[in-house]
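Q: Based on what follows, work out the 3D shape:
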Amino acid sequence: MSSLDLPQEPPAIIESNRAPAYWPSSSNGPSLISVENLTVKYPPELPSVLHDVSFSLGPGERVGLLGRTGSGKSTLAMSILRFVGCFLLKDVSIMLTGLQVDPTEGRIIIDGIDITTIGVHDLRSRIVSLMVFSKALSTDL
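A: Have a look, this model is predicted:
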């Protein structure tokens, strides 16, 4: 696979479909984040990494993702920011930060906007994700 074969990240800004200045505001109903039947594959020819994941989070709710190694925690978190990318190069799996793969099926809606319809700058500049990798945290919970 040459560098020309690698998928390109979506546009940072889509002028014809900008998120409103107040987005996300949590004023459009009970769900601030809604994940609907999300299925994610890294390369299309490989099996799904996430399978039909659905949930909703309301304004002010906080969530923690806990699970075994390889259970999809990072994939789910990175899918919300459209930062998912993994390719097999010479039989070695390498995570390529900044490359994007949109859901194979389903969608992620944040405050009424499907995140695949806006530029990645509009999305990432307004969403905060705190990732804590701590064995002590999982032991305490």
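Q: quick one: average confidence on the lengthiest helix in the chain?
A: Longest helix in the chain, counting residues (DSSP state H): helix 73-80. Mean pLDDT, computed over helix 73-80, is 85.
Q: Just the helices from this protein, written as ranges.
A: 73-80, 120-124, 135-140.
Q: now what about the longest helix of the chain, what contacts it?
A: Residues from elsewhere that reach helix 73-80 (Cβ atoms under 8 Å, 6 or more residues apart in numbering): 33, 35, 38, 40, 49-50, 53, 65-67, 84, 103, 108, 110, 115, 127, 129, 131. From N, CA and C alone the C-beta is placed, and that goes for glycine too.
Q: Report the buried members of these.
A: I33, V35, L38, V40, V49, L50, V53, V84, P103, I108, I110, I115 (16 or more other Cβ atoms under 10 Å).
Q: Among those residues, which one sits closest to N17?
A: I115 (11.3 Å; Cβ to Cβ).
Q: Okay, and the beta partners of the closest residue in space to that closest one that isn't next to it in sequence?
A: Excluding its sequence neighbours, the residue lying closest to I115 (Cβ to Cβ, 6 or more residues apart in numbering) is I108, at 5.0 Å. In this entry, I108 is beta-bridged to V35, by DSSP bridges.
Q: isn't I108 right next to S34, touching?
A: Yes: I108 is within contact range of S34, at 7.4 Å (criterion: Cβ atoms under 8 Å).
Q: So D52 versus I33, what's the distance?
A: Noted for D52: a distance of 17 Å to I33, by Cβ to Cβ, to the nearest Å.
Q: any idea how far K73 is from R124?
A: Remark: distance between R124 and K73 (Cβ to Cβ) = 19 Å.
Q: make that P11, sorry
A: Counting by Cβ to Cβ, the gap from P11 to K73 is 28 Å.
Q: So for these two, which sits in the more crowded spot?
A: Each of P11 and K73 has its neighbours counted (other Cβ atoms under 10 Å); K73 has more, 16 against 13.
Q: pLDDT score for D114?
A: 93.
Q: Relative to G106, how far out is it?
A: Taken as Cβ to Cβ, the span from D114 to G106 is 10 Å.
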